[in-house]
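>>> Any chance you can model this:
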Amino acid sequence: MQDWIVMEYCKCGSLGDILKRHAKLSEEEIREITSCCVLGLNEIHNHKIIHSDMKPDNIFLTEDGIAKIGDYGLSSQLNHTQSVREYAGTQLYVSPEAYEEKLGMPNDCWSLGMILIELAEGRHPYRDMNSTKLMITVRERDPPSLSREKWSAVFVDFVSKCLVKKANERWTTSQLMEHPFVKGSVERLRNEKSSPVLREMIRRVYGNIEEASSSPSILASIIDLNHDYSECGVIEAREKWQDIEAYGKNHDDHVIIRMVSKGMDPKAMRAQSRRPNDSESSRYVIQCKGEVQKDVVSFILEYSRPISLMDVATTTEMTEYHLAAITSFFLLGLDSLHSNSIRHGSINANALRLTHRGLIKLDVPYSGCYVYDSEIPLDAGAIESPTVSPEECRQWASLESDVWSLGMVVLELALKRNPFAPFKGDELRSSIQCLRLSGLPQTKFSPEAVDFVSKCLVKDANKRWPVSELMKHPFVKDLIESIRKEKRLVLLYELFRLDKNEMITHGIMSTARISSVEDYQSIPPTVEIITVENNACNDGVDTIQLEDFPNLRLLRVKSNSFYRVKTVSIANLPKLETVVVDSNCFAPRSLQYGEYSNLPKNFLALCHCPLLRILIIGEKSFSSYTQCTLSDLPSLQRVKIGRMDTAGTSCFYKASLVLQNLPCLKQLTIGTSCFVDCHEAILENLPKLESLRLGNSTLMFGRKRMNTLVMKDLPSLRELTTNNKQIGSFCNVNCVTLINLDHLSKVTLTRNAFTEVAEKTVENAGTLERRLQ
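Okay, the predicted model is just below:
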């Protein structure tokens, strides 16, 4: 099968065509070409893309007199370094470091220097060398250079800056753009969008522009493509082309295509995702628009990178909220397909992609999805994935087969293993059909998470919940609404950004990664994501006051950081959406029981952040703090402090808790041994709070002083559960106020709860009224 890349049509050919005609170029013409090249390279380098195949045949000319970089179908996303064995470029343009198993952005600058020498001299200086001699020459000898007698000093110097042997000393594209050889023409090209010099060169070389269109390096526009990427980044085909028609476009902007002849099964073809869709706004980078493979057409959505969820799950601290958010994106993608009767057929832990704007979308497999037809059997030989459904093992499938696979992905991420992974072939099929899955452990996950997975992993496909119903499940409902409104979740964006020690801009998201006090003190005021790395800032910071970051959306503090911080105030941040603090943060060390008697007055205060939705605090964080206040947070939906399944998590061991004016809070979970020696607990004006879950020995009250419990205006609270087995929650409390809890019906408390009450005010307290009579 031969692949073709459908590109913007440049009917004037390539620089390779110019060289084949033995045309002599003036220095002014070369300068214009050079300026276009550095503009194009600078743009893709800003997106951390290595072209990796710069040569004259890949620089194309337009009628406007612009040289555009193209044919970067084998470009590499710059993550770390690339192996030379994966290098796709022509050897004549390979840099010295490429032979040393390293390939990065400086390689493109070296290639540009070699192209310029070839344009100036009419031939490549290494053209007659075999591969062995070429490698030795490039690695061990001085780079070639231009003659100072034939060319100007600034041109010679520009080429020398490209052909520096040490990659870290070679000039970058941003530096080259400021070089005197091209600086003036770069500015002019940016303003005028065309080059009269190159237009005249094209007329001089070709005479008739149409003659260039026969160049084999150019593929004319086969399909009438829409050039407007500004809204959704989708390119749509005409209604029908060569027995292929557009089946529809879902709200995730996948273009669904089906075959209408030749006996082929209809499929939703994969939207290609290898190009930065910012390139459409550039006049210096070819717009790659699609891919044609025989009778199959695929369409570009936007640049994205794959996400290995299992790698994320095993290398980072993935919370239940992360699981719910990931699940929400799967469901939104599946809903788009299922609403058009399209079955995905390949849901697994690698089926999501992260776009360059921080969006997360469901990927469609290269083999395509399937228009659902209950009468078409499956090929049993293709069943090799441990996420396939029982019915697929019996050679049948339905839309709900995707739901089973989703349940298996969630289970795999939660347990960090797939229970069917050890099996292969017939043993795999038999195990999926016969073995009973235990689902998520109830001691580690919320009832909502456990129930959601159980709804997915029903072996009878007819009784399995469809995607449309799962999207209304409490485990994901609020998150799906948030995603539909905001189009992204910044916490997942941060989770999937694994690059360290850098300040990056990814789409519109700027991230500050904090590893030292110096990093913390130099956070730019425009930052949108703050990530504090493990074991960071344990000396030199005693107060954190976040009020000067108007664009901040996410605060993530990883484990064992900020040991000596005594007060944390997070207030008046208009865009803050998520705060996550991992384990052992804001705690000087693990305190012994007797040391909790004389704690200093350390406090956490979080208030007046109108968009904050999620607060997660890991075990043993804030263990020596004496006050936790959350107030006036109109969008806060979930709060989780500590862990339910861990003995002695000790968050806020001897602290008071104040939760006031949180109109959207629905779930409150406080883990084991939190607020053990509590002086005051106030839960007031939480109109949507439905569930209050407490771990063992949580919200106990100290015996040696008067203490207060207020639960007021919680009209939606239906469930108050604890893990206590002996002395536990609400024991030793003296003064109790319970007002407007009339829907509270499920209460599990030990017999010691409320036995020491001296003063009480009880009105419409539901089931608790009987406990206090």
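>>> can we go C-alpha only for contacts and neighbour counts from here?
Will do.
>>> Poorly predicted segments of the stretch 651-773 of the chain, please.
In the prediction, the stretch 651-773 of the chain carries residues with pLDDT under 70 at positions 724-727.
>>> All the helices of it, residue numbers only.
With DSSP state H, counting those that start in this stretch applied, the stretch 651-773 of the chain shows helices at 768-771, listed in chain order.
>>> just the strands in the stretch 1-150 of the chain please.
For the stretch 1-150 of the chain, strands defined by DSSP state E, counting those that start in this stretch occupy the ranges 4-7, 49-50, 59-61, 67-69, 76-77.
>>> Check the offset of the second one from the chain's centre.
By that I understand strand 49-50. The gap between where strand 49-50 is centred and where its chain is centred comes out at 19 Å by Cα atoms, centre = their mean, to the nearest Å.
>>> Ok, the fourth one next?
Remark: strand 67-69 is offset 31 Å from the chain centroid, using Cα atoms, centre = their mean.
>>> Tell me which other helices or strands it touches.
Packed against strand 67-69, as judged by 3 or more Cα pairs under 8 Å, 6 or more residues apart in numbering; DSSP states H and E, are the following elements: helix 27-46, strand 59-61.
>>> hmm, who's touching stretch 753-763?
Contacts to stretch 753-763, defined as Cα atoms under 8 Å, 6 or more residues apart in numbering, come from residues 727-741, 769, 771-772.
>>> Pop the domain breakdown of this protein in here.
Segmentation of the chain into domains, based on automatic domain parsing, reads 4-214, 240-281+293-299, 304-483.
>>> Report the distance from the longest one to the chain centre.
Between the centre of domain 4-214 and the centre of its host chain there is 33 Å, according to Cα atoms, centre = their mean.
>>> returning to that earlier point: among the helices and strands packed on strand 67-69, show the one with the smallest mean pLDDT.
Set side by side, the helices and strands packed on strand 67-69 differ in mean pLDDT, and strand 59-61 is lowest with a mean of 86.
>>> Can you spell out which helices and strands pack onto it?
Under the contact rule (3+ Cα pairs under 8 Å, 6+ apart), strand 59-61 is packed against helix 15-20, strand 67-69.
>>> picking that back up, please identify the deepest-packed of the helices and strands packed on strand 67-69.
Across these, averaging neighbours per residue (mean count of other Cα atoms under 10 Å) puts strand 59-61 on top, at a mean of 25.
>>> what's the residue nearest to residue 544 when sequence neighbours are not counted in contact with, if anything?
Counting by Cα to Cα, 6 or more residues apart in numbering, residue 568 is the residue found nearest to residue 544 once chain neighbours are left out, at 4.8 Å. Residue 568 makes contacts with 543, 544, 545, 603, 604, 605, as judged by Cα under 8 Å, 6+ apart.
>>> 6 Å instead?
Listed by Cα atoms under 6 Å, 6 or more residues apart in numbering, the contact set of residue 568 reads 544, 545, 604.
>>> Wasn't the second one part of a helix?
If I follow you right, that is residue 545. No: checked against DSSP: H, G, I helix; E, B strand; the rest coil, residue 545 lies outside a helix; its state is strand.
>>> Leaving out chain neighbours, which residue sits closest to it?
Counting by Cα to Cα, 6+ apart, the residue nearest residue 545 is residue 569, at 4.8 Å.
>>> Check the secondary structure at that neighbour for me.
Put simply, residue 569 is strand when judged by three-state DSSP.
>>> State the next helix or strand along the chain beyond the helix or strand where residue 409 lies.
Counting by DSSP states H and E, the element that carries residue 409 is helix 400-415. Per DSSP H and E, helix 400-415 leads on to helix 425-434 as the next helix or strand towards the C-terminus.
>>> circling back to that earlier point, list the beta-bridge partners for the residue nearest to residue 545.
The residues paired with residue 569 through beta bridges, assigned by DSSP bridges, are residue 545, residue 605.
>>> isn't it right next to residue 548, touching?
No: with the criterion set as Cα atoms under 6 Å, residue 569 and residue 548 do not qualify as a contacting pair; they are 11.5 Å apart.
>>> mind checking the end-to-end distance for stretch 443-463?
Counting by Cα to Cα, to the nearest Å, you get 26 Å between the two ends of stretch 443-463.
>>> likewise stretch 569-582?
Across its full length, stretch 569-582 reaches 17 Å between end residues, using Cα to Cα.
>>> Phi and psi next, for the closest residue to residue 765 other than its chain neighbours.
Of all residues beyond its chain neighbours, the one nearest residue 765 is residue 741 (4.3 Å), with distances taken as Cα to Cα, 6+ apart. Note on residue 741: backbone dihedrals following degrees, to the nearest 10 are phi -120, psi 40.
>>> isn't residue 741 right up against residue 712?
No: assessed by Cα under 6 Å, residue 741 is found out of contact with residue 712, at 7.2 Å.
>>> just to revisit the earlier point, buried ones among the contacts of residue 568?
Neighbour counting by 16 or more other Cα atoms under 10 Å classes residue 604 among the contacts of residue 568 as buried.
>>> Out of the contacts of residue 568, which comes closest to residue 469?
Of all the contacts of residue 568, the one sitting nearest residue 469 is residue 604; the distance, using Cα to Cα, is 38.9 Å.
>>> I figured the closest one was touching residue 626, is that so?
No: with contact defined as Cα under 6 Å, residue 604 and residue 626 do not form a contacting pair (8.5 Å).
>>> any chance of the contacts of residue 568 in CSV, with distance to residue 12 and pLDDT too?
Compiled in CSV, the contacts of residue 568 are given as follows (distance: Cα to Cα, whole Å; pLDDT from 0 to 100):
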residue, distance to residue 12, pLDDT
544, 60, 92
545, 60, 90
604, 65, 94
